[in-house]
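Colleague: attaching a predicted model along with its sequence, questions to come.
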Amino acid sequence: MGIKVVDVRKGMVVIYNGELHLVLEFEHHTPGNLRAVNQLKMRNLKSGASVQQRMSSGEILEQAFLDQRKCQYLYRDQGTGHYVFMDLETFDQHELIEALIADKIHFVKENQEVVVTFHDGLALGLELPSSVVLTIKEAEGAARGNTVNNTFKNAVTETGLTLKVPSFIEAGELVKVSTETGEFQGRAKA
């Protein structure tokens, strides 16, 4: 199904030059009394490469329709660098390249269930909840006696995510982390 370029929005998946692209940014420019142009920044969902394209308002792109399935994160293939997920209904294994999920994989633990987005059987990306619970693996030492100020220190989670946590958080504690910002949201219970 074709849609006009002016109707394209950030987050949509479109077919451009025969390949799937995720729209990262969309800007509509009308310079003075000249024709309007649309600047699209897109990521190729197969290769992970970014492309910027200027299009006129009358051009038409095809919108891709995606389906989502529950999958379990298994492991990272050290040979290819791809991340392997197993479909929980069919038990098929699907690989995602790092370029597509590099900003999301630090919120996913091994054997965790996630929602994977597919197009024609090809895994394209992850859908994460708004927050996740992770275990702090390493935490810097707190400055002694600095309990009056709201001070933060660096910490590393079990998935390799580095974040700022309050000085009272120690290694081994469970914390709630926002998947949108990567910020500490509070302590969590087991």
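Modeller: That came through fine.
Colleague: which stretches of this protein form helices?
Modeller: Assigned by DSSP state H, the helices in the chain fall at 98-101.
Colleague: out of the helices and strands in it, which is least certain?
Modeller: Least confident element among the helices and strands of the chain, by mean pLDDT, DSSP states H and E: helix 98-101 (a mean of 81).
Colleague: so what secondary structure elements neighbour that one?
Modeller: Counting contacts by 3 or more C-beta pairs under 8 Å, 6 or more residues apart in numbering; DSSP states H and E, helix 98-101 packs against strand 122-127. Every C-beta, even on glycine, is put in place using the N, C-alpha and C of the backbone.
Colleague: thinking again about what came up before, so which bits of the least confident helix or strand of the chain are buried?
Modeller: Ala99, Leu100, Ile101 (16 or more other C-beta atoms under 10 Å).
Colleague: contacts only, for Glu98.
Modeller: By C-beta atoms under 8 Å, 6 or more residues apart in numbering, the contact set of Glu98 is Gly48, Gly81, His82, Tyr83, Ile105.
Colleague: 10 Å - rerun?
Modeller: Gly48, Arg76, Thr80, Gly81, His82, Tyr83, Ile105 (C-beta atoms under 10 Å, 6 or more residues apart in numbering).
Colleague: kindly report the same for Val84.
Modeller: Cys71, Gln72, Tyr73, Leu74, Tyr75, Arg76, Asp77, Gln93, His94, Glu95, Leu96, Ala123.
Colleague: what is the lowest-pLDDT residue among those residues?
Modeller: Ranked by pLDDT, the contacts of Val84 bottom out at Ala123 (84).
Colleague: that one: how many residues sit nearby?
Modeller: Ala123 has 25 neighbours, counted by other C-beta atoms under 10 Å.
Colleague: can you check Glu158 too?
Modeller: 12.
Colleague: pLDDT score for the residue lying closest to it once chain neighbours are set aside?
Modeller: Among residues not flanking Glu158 along the chain, Thr135 sits closest, at 4.7 Å (C-beta to C-beta, 6 or more residues apart in numbering). pLDDT, Thr135: 93.
Colleague: please name the bridge partners of Thr135.
Modeller: Leu174 (DSSP bridges).
Colleague: now Leu161: phi and psi?
Modeller: Here is the backbone geometry of Leu161 (degrees, to the nearest 10): phi -70, psi 130.
Colleague: distance of the most centrally placed residue in the chain relative to Gln53?
Modeller: By C-alpha atoms, centre = their mean, the chain has its centre lying nearest to Lys104, at 3.8 Å. Lys104 is 25 Å from Gln53, where distance means C-beta to C-beta, to the nearest Å.
Colleague: ok, Thr157 next?
Modeller: 37 Å.
Colleague: neighbour-wise, which of the two wins?
Modeller: Thr157 (23 against 15).
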